[in-house]
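Colleague: Just a sequence and a predicted model for now, questions to come.
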Amino acid sequence: MAKLLEIDKVRAGYDAINVLWDISLTAEEGKLTCILGPNGGGKTTLMRAIMGLIPLRQGAIRFGGKDISNVPTWNLVADGLTMIPEGRMIFRDMTVEDNLLIGGFTRRCRANARANLEMAYSTFPRLKERRHQLASSLSGGEAQMLAMGRGLMEEPKLILVDEPSLGLSPLLTDEVMAILEQLKAQGRTIILVEQNTHKALKIADHVYLVRGGKVVLSERKEDVDMDRLHDLYFARDV
Ligand code: ATP
């Protein structure tokens, strides 16, 4: 399997604080790579670094073999990377459909906007029913679906999904996980950041555990020993 994304000893952070300490990981094409880890471990920071939202202080990121270290975010989106951010970040005062259409803003996707809209609606039928409603009227689960649908409008090769289950009921979380599984079955490459370890493990192919800004475990899903994962997750000092 080809490596679609390669992160090589990346260091990044905010002002005087360094958060990521020489993180290396890869995401294989067509697979779901899951990044687990406790609060504050640096998962969202890693997503931001991949998307060019914060600069790399050291190391490199390659996407499809091309060095994308410190490439501006808009160029990365045009190249096929998309992030479905934690907290969804939908435009609450716009309709569901306008939120989706905003997702397909690159020149490459604009011509396919109608077809992509239908694809988003077929993946998320509930969004079609609510297409003329303001996004502010959506439930948490629907808002997550809207954020995911907006991401799909970019025709992404790689989808970064940051904590999609945040604030959702167990039932809706299962629904979101089923949709991620469906996207994987369509051949998409996904990086999923999750705190819901058990649910994420069910759909993952490869698992990384990140804490203290470092990778402390990297294993194929079949090889994960839950006791060891638990110990590393809650270890006092790593
Ligand atoms: P969570 O699950 O809580 O989102 P996380 O693993 O995604 O955790 P990050 O959000 O990446 O962790 O945070 C890692 C560290 O970086 C934390 O100590 C956090 O306080 C700090 N941090 C995050 N965002 C900023 C920022 N904008 N400015 C300064 N520090 C930040």
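Modeller: Cool, the structure landed. Numbers count the residues shown, from 1 in each chain.

Colleague: C-alpha from now on. contacts and neighbour counts both.
Modeller: Noted.

Colleague: Quick one: name the residues of this structure near the ligand.
Modeller: 14, 19, 39-45 (C-alpha under 6 Å from any ligand atom).

Colleague: Most neighbours out of the residues you listed, which is it?
Modeller: Within the residues of the chain next to the ligand, most neighbours by other C-alpha atoms under 10 Å means Lys43, with 27 neighbours.

Colleague: Which residues are in contact with that one?
Modeller: 35-37, 193, 210, 213 (C-alpha atoms under 8 Å, 6 or more residues apart in numbering).

Colleague: just checking, which of the residues of the chain next to the ligand belong to helices?
Modeller: Taking DSSP state H as the definition of helices, the residues of the chain next to the ligand contribute 43-45.

Colleague: Could you export the residues you listed as TSV, including pLDDT?
Modeller: TSV is the format used below for those (pLDDT from 0 to 100):
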residue	pLDDT
Lys43	95
Thr44	94
Thr45	96
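
Colleague: In terms of secondary structure, what does the helix ranked longest in the chain contact?
Modeller: Ranked by number of residues, the top helix in the chain under DSSP H is helix 170-185. Helix 170-185 is packed against helix 197-203, with contacts defined by 3 or more C-alpha pairs under 8 Å, 6 or more residues apart in numbering; DSSP states H and E.

Colleague: for the helix it packs on, which positions count as buried?
Modeller: By 16 or more other C-alpha atoms under 10 Å, the buried positions in helix 197-203 come out as 197, 200-201, 203.

Colleague: quick one, helices of the protein?
Modeller: Counting by DSSP H, the helices of the chain are 43-50, 73-79, 96-103, 107-110, 113-123, 125-129, 140-152, 170-185, 197-203, 226-234.

Colleague: which one of the ones you listed has the lowest average pLDDT?
Modeller: In terms of mean pLDDT, the lowest-scoring of the helices of the chain is helix 107-110 (a mean of 74).

Colleague: about what we covered before: export the helices of the chain as a markdown table, with columns for distance to Gly65.
Modeller: Below are the helices of the chain laid out as a markdown table (distance: least, C-alpha to C-alpha, whole Å):
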| stretch | distance to Gly65 |
| --- | --- |
| helix 43-50 | 14 |
| helix 73-79 | 12 |
| helix 96-103 | 25 |
| helix 107-110 | 21 |
| helix 113-123 | 27 |
| helix 125-129 | 36 |
| helix 140-152 | 23 |
| helix 170-185 | 21 |
| helix 197-203 | 26 |
| helix 226-234 | 31 |
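
Colleague: Select, out of those, the one closest to Ala2.
Modeller: helix 170-185 (15.2 Å; C-alpha to C-alpha).

Colleague: and that closest one, which residues are buried?
Modeller: 172-173, 176-177, 179-181, 183-184.

Colleague: ok and it relative to helix 140-152, angle-wise?
Modeller: Angle of helix 170-185 versus helix 140-152, following axes from the mean of the first three to the mean of the last three C-alpha atoms, to 10 degrees, is 20 degrees.

Colleague: Would you mind putting the CA coordinates of helix 170-185 into CSV?
Modeller: Extracted as CSV, the C-alpha positions of helix 170-185 are listed here (Å, rounded to 0.1, in the frame of the first residue of the first chain):
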residue,chain,number,x,y,z
PRO,A,170,-23.5,7.1,21.7
LEU,A,171,-26.1,6.4,19.0
LEU,A,172,-25.1,9.4,16.9
THR,A,173,-21.4,8.5,17.5
ASP,A,174,-22.1,5.1,16.0
GLU,A,175,-23.8,6.8,13.0
VAL,A,176,-20.7,9.0,12.4
MET,A,177,-18.4,6.0,12.7
ALA,A,178,-20.5,4.1,10.2
ILE,A,179,-20.3,7.0,7.8
LEU,A,180,-16.5,7.1,8.2
GLU,A,181,-16.4,3.4,7.5
GLN,A,182,-18.6,3.9,4.4
LEU,A,183,-16.2,6.7,3.2
LYS,A,184,-13.3,4.2,3.7
ALA,A,185,-15.1,1.6,1.7
